[in-house]
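A.B. asks: What would the 3D arrangement of this be:
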Amino acid sequence: MSDPLFRDDAYLTEAEGVVLSHTDQGGVVLDGSLFYPTGGGQPGDQGSLRWDGGEMVVATTVKGEGDEIVLVPTEGATLPPAGTQVTQVLDWDTRNRHMRVHTALHLLSVVVPLPVTGGSIGTEKGRLDFVMEEPPEDKQALEDALNALITRDLEVTEDWITEAELEANPGLVKTMSVKPPMGAGRVRLVRIGTADEQVDLQPCGGTHVARTGEIGRIRLGKVEKKGRMNRRFNVHLDG
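C.D. replies: Coordinates of the predicted model:
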């Protein structure tokens with residue numbers, strides 16, 4: 001099992017770790033992972049491992065068997081042996097951009113309150129696909145509403161509920177194509193705003209900024225038709 005250190009502190013950029021094993025595909029499994037594994041539309045983290053006499057570049061991070069988080073090295077890299085104490089160093093600029101885009105997409109689902117059929121997160125932009133037969137009447141108004149939520153500098157926090165509570169409140173799940181991870185007995189919720197002045201609450205396992213003001217200004221790009229009932233909204237980090 002790899003302890004997901006990123007879940008306790010998404011702003012942690014360095015951490016110690018011990019190599020538990022290597023996978024058959026040449027990945028490295030640590031006892032605790034600073035790196036977020038690909039999932040929920042968010043790419044896996046990059047960075048490096050450093051140890052006495054060696055360094056390994058982490059090209060990406062993926063989920064392994066059970067609760068394992070697998071660090072995927074660049075081709076030809078030397079792997080730290082099992083039992084080695086290593087220092088994990090996160091590519092913070094890339095992670096931070098993913099966090100900003102991810103939180104922006106949660107806010108997009110607020111200003112476009114329709115079922116979500118898919119989405120993805122990048123370093124410059126992200127997108128959500130909505131069940132929407134007709135194009136939006138006023139795209140600029142949606143962009144203005146999105147940026148208004150960002151400039152309110154709302155707090156972003158997490159909460160946990162049981163799987164039974166989630167099943168009793170199916171409206172919390174906005175994304176039709178990606179179901180919250182189940183089987184652990186509880187589900188993580190990401191809240192934007194306070195419990196008294198809540199803007200959004202939905203299941204999510206990804207990393208987010210602590211306040212919406214950290215996102216910066218967002219530009220709403222193309223709204224593309226994707227099939228008879230779907231529209232794709234692209235959001236860009238503006239500067």
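A.B. asks: Could you measure from E158 over to E197?
C.D. replies: Remark: distance between E158 and E197 (C-beta to C-beta, to the nearest Å) = 17 Å. All C-beta spots, glycine's among them, are computed from the backbone N, C-alpha and C.
A.B. asks: Oh, that last question was meant for V89, not what I typed.
C.D. replies: V89 sits 38 Å away from E197, going by C-beta to C-beta.
A.B. asks: neighbour-wise, which of those two wins?
C.D. replies: V89 (18 against 10; other C-beta atoms under 10 Å).
A.B. asks: Spatially, what comes nearest to the residue nearest in space to the middle of the chain if we skip its sequence neighbours?
C.D. replies: Nearest to the mean C-alpha position of the chain, by C-alpha atoms, centre = their mean, lies G206 at 3.2 Å. Setting aside the residues directly before and after it, G206 is nearest to Q42 in space (C-beta to C-beta, 6 or more residues apart in numbering), at 4.5 Å.
A.B. asks: number of nearby residues for the one you found?
C.D. replies: The burial count for Q42: 25, using other C-beta under 10 Å.
A.B. asks: That one touches Y36, doesn't it?
C.D. replies: Yes: assessed by C-beta atoms under 8 Å, Q42 is found in contact with Y36 at 6.7 Å.
A.B. asks: anything in contact with each of these two?
C.D. replies: Contact with both Q42 and Y36 is made by residues 98, 206-207, according to C-beta atoms under 8 Å, 6 or more residues apart in numbering.
A.B. asks: OK, contacts around D159?
C.D. replies: 188-189, 191, 201.
A.B. asks: and it, that one's in a helix?
C.D. replies: No: counting by DSSP: H, G, I helix; E, B strand; the rest coil, D159 falls outside a helix, being strand.
A.B. asks: Model confidence for it, exactly?
C.D. replies: You'll see D159 listed with a pLDDT of 88.
A.B. asks: Equivalent analysis for A141, please.
C.D. replies: With respect to pLDDT, A141 scores 97.
A.B. asks: Next, it: secondary structure please.
C.D. replies: Under the three-state scheme (three-state DSSP), A141 adopts helix.
A.B. asks: how many neighbours does it have?
C.D. replies: Residues lying near A141 (other C-beta under 10 Å) number 12.
A.B. asks: Check K226 too.
C.D. replies: Burial of K226 is recorded as 14 neighbouring residues (other C-beta under 10 Å).
A.B. asks: So for it, what's the nearest residue that isn't a sequence neighbour?
C.D. replies: Distances taken as C-beta to C-beta, 6+ apart put R232 closest to K226, at 5.0 Å, once the chain neighbours are dropped.
A.B. asks: rewinding a little: quick check: the gap between the residue nearest to G206 and K63.
C.D. replies: For Q42, the distance to K63 equals 12 Å [C-beta to C-beta].
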